[in-house]
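**Student:** Sequence and predicted model, in that order:
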Amino acid sequence: MTGRLAGRTAIVTGAASGIGAASAQLFAAEGAAVVAVDVPGAFKADAPPGVTVLEADITEADAPARIVAAALATGRLDIVFNNAGIGRNALAANMADADWDRVFDVNIRAVFRLTREAIPHLVKSPAGRIISTASVMAEGTDYGLAAYCASKAGVAGLTRTLALELGKHGVTANYLLPGAIRTGMTSPLWDANPGAAEVWAKKSVLRRLGEPIDLARAALFLASDDAGFVTGQGLAVDGGLTLRV
Ligand SMILES: NC(=O)c1ccc[n+]([C@@H]2O[C@H](COP(=O)([O-])OP(=O)(O)OC[C@H]3O[C@@H](n4cnc5c(N)ncnc54)[C@H](O)[C@@H]3O)[C@@H](O)[C@H]2O)c1
């Protein structure tokens, strides 16, 4: 097998749609054995070659053990791409506890729990990699995004600490800050309101929305040997959306 991830085993969460689906496919095309994780019923199409589908809600108590065991069936675990994420839009004054808790359960608690389960195996890899999808909203904000922004800022803090603690084992930990990307999360909103998609596209200095493959390529870089000396960093993949103050 050839490719930039040849011989490696990767876990990708949120892999039935958007950024995760594009990443699972690209990682596999680059030679990785990929365990693609998403909630039951989310996978609609057959898995591409090199991709094994695992249906799991990452917030379930036994999900980390099930997911890591599926990866170890290949004999190793090298890459964890914590990508699954959700939003719940409500002004802070009106946000229900259940919405706050669900966002934190998916976007940060499950990221921590899966990563913790993976660490004993990542440290045995010659090139252990932790990549997590945060958001430009880890640093910026918008109305209704209190839980989302706080959880994504948490991903950044968690990742920096993982980088610090695991560096001596040669494991890197980095996070992505996607801008406005056309995925299952955003398409329904933008299809219903094409003007909003246009506004977001214009905010990018490249004058377009991002596509899932834009993030998949950045994740591949962080997963590959090319990023062997990059750790604790956030990589904005936003078409320059956040350049202007
Ligand atoms: N689309 C954007 O503009 C944008 C911008 C910034 C950050 N992000 C982040 O990118 C990541 C990927 O999102 P996307 O845009 O590709 O959206 P998406 O909705 O297309 O994909 C997210 C996937 O995560 C899965 N998922 C959600 N909860 C899960 C759970 N509990 N267990 C397992 N899987 C679960 C969903 O079923 C879905 O398939 C998310 O973390 C999101 O917050 C997206």
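**Tutor:** Nice, thanks for sending it over. In this text the structure is predicted, and so the values were computed from the model without any measurement.
**Student:** Residue numbers of the protein in contact with the ligand?
**Tutor:** By the rule Cβ under 6 Å from any ligand atom, the part of the chain lying against the ligand is 13-14, 16-20, 37-39, 42, 57-59, 83-86, 106, 133, 135, 178, 180-181, 183-186. To be clear about C-beta, it is placed using only N, CA and C from the backbone, and glycine gets the same treatment.
**Student:** who touches the residue nearest to the spatial centre of the chain in this structure?
**Tutor:** The residue lying closest to the centre of the chain (Cα atoms, centre = their mean) is residue 83, at 2.0 Å. Going by Cβ atoms under 8 Å, 6 or more residues apart in numbering, residue 83 touches 12-15, 19-20, 23, 131-133, 219.
**Student:** list the buried ones in stretch 187-200?
**Tutor:** Using 16 or more other Cβ atoms under 10 Å as the test for burial, stretch 187-200 gives 190, 197, 200.
**Student:** circling back to that earlier point, how far away is the residue nearest to the centre of the chain from residue 4?
**Tutor:** Using Cβ to Cβ, to the nearest Å, residue 83 is found at 18 Å from residue 4.
**Student:** Could you do residue 198 as well?
**Tutor:** Counting by Cβ to Cβ, the gap between residue 198 and residue 4 amounts to 35 Å.
**Student:** One more: residue 233?
**Tutor:** 19 Å.
**Student:** for residue 214, same thing?
**Tutor:** For residue 214, the distance to residue 4 - Cβ to Cβ - is 17 Å.
**Student:** out of these two, which sits in the more crowded spot?
**Tutor:** Neighbours were counted for residue 214 and for residue 4 using other Cβ atoms under 10 Å; residue 214 has more, 20 against 17.
**Student:** that's a strand at the more buried one, yeah?
**Tutor:** No - looking at residue 214 with DSSP: H, G, I helix; E, B strand; the rest coil, it is helix, so not inside a strand.
**Student:** Apart from its neighbours in sequence, what residue is nearest it?
**Tutor:** In space, and not counting its chain neighbours, residue 214 is closest to residue 237: 5.8 Å by Cβ to Cβ, 6 or more residues apart in numbering.
**Student:** Report the contact partners of the one you found.
**Tutor:** By Cβ under 8 Å, 6+ apart, the contact set of residue 237 is 176-179, 210, 214-215, 218.
**Student:** if you set the cut-off to 10 Å instead, what comes out?
**Tutor:** Contact partners of residue 237, counting by Cβ atoms under 10 Å, 6 or more residues apart in numbering, are 19, 133, 136, 176-179, 181, 210, 214-219, 221.
**Student:** do residue 103 as well
**Tutor:** 85-88, 95, 109, 145-152.
**Student:** same question, residue 38
**Tutor:** Going by Cβ under 10 Å, 6+ apart, residue 38 touches 12-17, 20-21, 24, 53-58, 83-84.
**Student:** I am finished for the moment; much appreciated.
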